[in-house]
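# please find the sequence and the predicted model below.
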Amino acid sequence: MAKACATESNATFFSVSSSDLVSKWLGESEKLVRTLFDLARKTKPSVIFIDEIDSLCGRRKEDENDSVRRIKTEFLVQMQGVGKDDTGYLILGATNVPWELDPAIRRRFERKIYISLPEEHARKGMFRIHLGKTPHTLTENDFGELAARTPGYSGSDIFTVVKEASMEPIRKCQSATWFKEANGYFMPSTPGDGFKSSLLEIPDSSKVKAPLVCMEDFLKAITKIKPTVNQKDIDEQLKFTKEFGMEGN
């Protein structure tokens, strides 16, 4: 959503994280928060995107550090404080644990949108997008089969699978004991097809050509890369969405 806002909206985009706003110097963190909102007001229309907002605006506790509490207070004041102009700019926050946000911060976000895991048709498109211009032999049916084999995978998981599969041709070259020549290049082959050699024994390594990424490489990658989101996490998200938010795709 943040990337879509940055590319589609005609607005100044501020992307910040906790490391950008937290300082070891007394009072500096609050000043950075105030400066961020002042810049957003001066350059409006603008968008402020805070990644992992729970690290900055978690639930307030009695025994927490005073400097951390002051940062949260400054956020509250700047977002909807008395005498503050809250028009012309949009604040986006992203977190995997929305239930850890302070209730006062949560109230200041008008919409709490739950982005679910990608469905099968979305996973199919993600495999195609992440593979991009990498030479491959996959067909449209292969992309559909990969999507069907990866229920519960997040977009990040799919990216990791594609990255792992894309490395398989390189590994084949490194572990090959037989090579064959084709169109002036040397490619790994099966025993008995071509000549026996290792990658290091080939005189000109620039003449070595890795095979195309194939379906077998992806199936092997899927066995190694497992989903990083478990059902307990999903249940927590759905519970929070039912109480406070709305679903989004």
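Now that the structure is in, tell me what you want to look at.
# any idea which helix or strand in this protein has the lowest mean pLDDT?
Lowest mean confidence among the helices and strands of the chain (mean pLDDT, DSSP states H and E): strand 246-248, at a mean of 62.
# which residues of this protein fall in helices?
Using DSSP state H, the helices of the chain run over 2-8, 18-21, 28-42, 66-80, 103-108, 120-131, 140-148, 155-175, 215-224, 231-244.
# ok, and the closest non-adjacent residue to the spatially most central residue of the chain?
Centrality entry for the chain: nearest residue to the mean C-alpha point is residue 156, 5.2 Å, by Cα atoms, centre = their mean. Spatial nearest neighbour of residue 156, chain neighbours left out: residue 228 (7.1 Å); criterion: Cβ to Cβ, 6 or more residues apart in numbering. The C-beta positions use only the backbone N, C-alpha and C, and glycine is treated the same way.
# starting from residue 238, give me the distance back to the residue of the chain most remote from its centre.
When each C-alpha in the chain is compared with the mean C-alpha position (Cα atoms, centre = their mean), residue 192 comes out farthest, at 44.5 Å. Distance of residue 192 to residue 238, computed by Cβ to Cβ, to the nearest Å: 56 Å.
# quick revisit: and the residue nearest to residue 156, what does it touch?
Residues near residue 228 by Cβ atoms under 8 Å, 6 or more residues apart in numbering: 154, 156-157.
# just put these in TSV and tack on distance to residue 64.
Output for the contacts of residue 228, formatted as TSV (distance: Cβ to Cβ, whole Å):
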residue	distance to residue 64
154	31
156	31
157	34
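# and for the nearest residue to residue 160 once chain neighbours are set aside, the neighbour number?
The shortest distance from residue 160 to any non-neighbouring residue, by Cβ to Cβ, 6+ apart, is to residue 225 (5.2 Å). Using other Cβ atoms under 10 Å, residue 225 has 19 neighbouring residues.
# what sits against residue 225?
Contact partners of residue 225, counting by Cβ under 8 Å, 6+ apart, are 157, 160-161, 164.
# cool, and residue 15?
Residue 15 is in contact with 2, 6, 49, 51, counting by Cβ under 8 Å, 6+ apart.
# please repeat the previous calculation with a cut-off of 7 Å.
Residues near residue 15 by Cβ atoms under 7 Å, 6 or more residues apart in numbering: 49, 51.
# repeat for the one 3 residues further on
Applying Cβ under 7 Å, 6+ apart to residue 18 gives the contacts 52, 55-56.
# just among the residues you listed, which is most surrounded?
Highest neighbour count within these, by other Cβ under 10 Å: residue 56, with 25 neighbours.
# I figured it hits residue 71, correct?
Yes. Under the criterion of Cβ atoms under 7 Å, residue 56 makes contact with residue 71 at 6.4 Å.
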